[in-house]
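*Asks:* Please work out how this folds:
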Amino acid sequence: MRKKLKEIVVISGKGGTGKTSIAASFAVLGGSDVVLADCDVDAADMHLLMQPDVQKSEAFFSGAIAKIDPDLCTGCGLCAEVCRFDAIFEQGDKYVIEPINCEGCGYGPRVCPEAAIDMFDANVGDWYKSTSRLGTSLIHAKLGIGADNSGKLVTKVKDEAKRLAVAEDKPILLVDGPPGVGCPVVAALAGADYVIIVIEPTVSGIHDLKRVQELIAKFRINSGCIINKFDINHDVTAEIKEFIRDTGIDHISDIPYDVSFTEAMTVGKTIVEYSPNGTGQYLSASWHKIKQLLQLESEEK
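*Replies:* Below you'll find the model as predicted:
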């Protein structure tokens, strides 16, 4: 019988909360049941812990970019006059386009009297299908420097990961989502069954939590909260617990501050591998609770 796929997305209001370290720990704990997707394409770092062996690499094209044919350009400068992004500048007696500044608006070709400007699909990054060091499948990507459309690349990563999870008959698609509440996060949340919010007990942290909760509520997705480094500020931790209780967010666990997180990363391991009988126990308990909430354990039995 085909297993019912559950999509779990791990997000945070900002970078640096331990989101990726926790997601990678869950990938270890989930073992062969998991297909992993790294949707933090702007600053992908899951590969540092998963050490992927790339099986497939494919360029990702999204949007358009203009290019001037120097043989046709007469140097009239009309294109530079209408460009609002300062992407076109004079070079000798011709004009050229700086690709990183071009927004692909298409106005240049419209005003060029010599039809010297063409629009091309923009290569904004690459996506990869890999096998992680755990032996499980990992779909990940890298957005080009200064490239736009990270939300579309996130969607591509998720679609490929979901397709692979179905093909491999895996019960869990685990997504390491982008930080914040912007377009890439919206793309990561689409279609999710459960969202895990990783938060730190700081003034900015609780502000981020409220923004994230407001976004998740619009999707009507059930969610849970992990308070990382809960013991660095007990007053804010108490405030976070009150907020998640009032808004119906599951309280998954409190993780104490532990330098082992950093030590584990420096040797390319997750905390559940590096310190299984220490802080790793909190993550093991968290994963067990998440599986209970999603009724994954009963399905396994």
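*Asks:* So A192 is in contact with V175, correct?
*Replies:* Yes. Between A192 and V175 there is a contact at 7.3 Å, judged by Cβ atoms under 8 Å. Heads up, the C-betas are built off the backbone N, CA and C, glycines and all.
*Asks:* any shared contact partners between these two?
*Replies:* E7, I8, V9 (Cβ atoms under 8 Å, 6 or more residues apart in numbering).
*Asks:* Please point out which parts of stretch 266-282 sit buried.
*Replies:* K269, T270, I271, V272, E273, Y274, S275, T279, G280, Y282 (16 or more other Cβ atoms under 10 Å).
*Asks:* Next up, the contacts around S284.
*Replies:* Going by Cβ under 8 Å, 6+ apart, S284 touches L29, V272, P276.
*Asks:* ok, now with 7 Å
*Replies:* With Cβ atoms under 7 Å, 6 or more residues apart in numbering as the criterion, the residues that contact S284 are L29, V272.
*Asks:* picking up where we left off before, so which two of the buried residues of stretch 266-282 are the farthest from each other?
*Replies:* Greatest spacing in the buried residues of stretch 266-282, by Cβ to Cβ: K269 and Y282 (16.1 Å).
*Asks:* Between A192 and V175, point out the one with more neighbours.
*Replies:* V175 (29 against 22; other Cβ atoms under 10 Å).
*Asks:* and that one, bridged to which residues?
*Replies:* Counting by DSSP bridges, V175 forms beta bridges with V9, A37.
*Asks:* so it touches V9, yeah?
*Replies:* Yes. V175 lies in contact with V9 (Cβ atoms under 7 Å); the separation is 4.4 Å.
*Asks:* Name the residues contacting each of these two.
*Replies:* Joint contacts of V175 and V9 (Cβ under 7 Å, 6+ apart) are A188.
*Asks:* So which residues of this protein form helices?
*Replies:* 19-30, 46-50, 78-82, 107-111, 150-167, 183-189, 203-219, 234-247, 260-266, 271-274, 280-293, 296-300 (DSSP state H).
*Asks:* and those helices, which is most packed in?
*Replies:* When the helices of the chain are scored by mean count of other Cβ atoms under 10 Å, the highest mean neighbour count falls to helix 19-30 (a mean of 25).
*Asks:* For K3, see how far away the nearest residue to S150 once chain neighbours are set aside is.
*Replies:* In this structure, S150 finds its nearest non-sequential neighbour in P184, 4.8 Å apart by Cβ to Cβ, 6 or more residues apart in numbering. P184 is 28 Å from K3, where distance means Cβ to Cβ, to the nearest Å.
*Asks:* Ok, M265 next?
*Replies:* 32 Å.
*Asks:* quick one: P256 and D231 touch, right?
*Replies:* Yes. Here P256 lies in contact with D231, judged by Cβ under 7 Å, at a distance of 5.1 Å.
*Asks:* okay, now the domains of the chain?
*Replies:* According to automatic domain parsing, the chain comprises the domains 6-51+132-300, 64-123.
*Asks:* and these as JSON lines, adding distance to S57 and mean pLDDT?
*Replies:* Supplementary listing: the domains of the chain in JSON lines, determined by distance: least, Cβ to Cβ, whole Å; pLDDT from 0 to 100:
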{"stretch": "domain 6-51+132-300", "distance to S57": "10", "mean pLDDT": "93"}
{"stretch": "domain 64-123", "distance to S57": "13", "mean pLDDT": "93"}
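*Asks:* can you tell which of the ones you listed is closest to E58?
*Replies:* Shortest distance between E58 and the domains of the chain, using Cβ to Cβ, is found for domain 6-51+132-300: 9.0 Å.
*Asks:* Now do the closest one: distance to the chain's middle.
*Replies:* Relative to its chain's centre, domain 6-51+132-300 lies at 9 Å (Cα atoms, centre = their mean, to the nearest Å).
*Asks:* Could you pull up the residues touching P276?
*Replies:* Contacts for P276 (Cβ under 7 Å, 6+ apart) come out as none.
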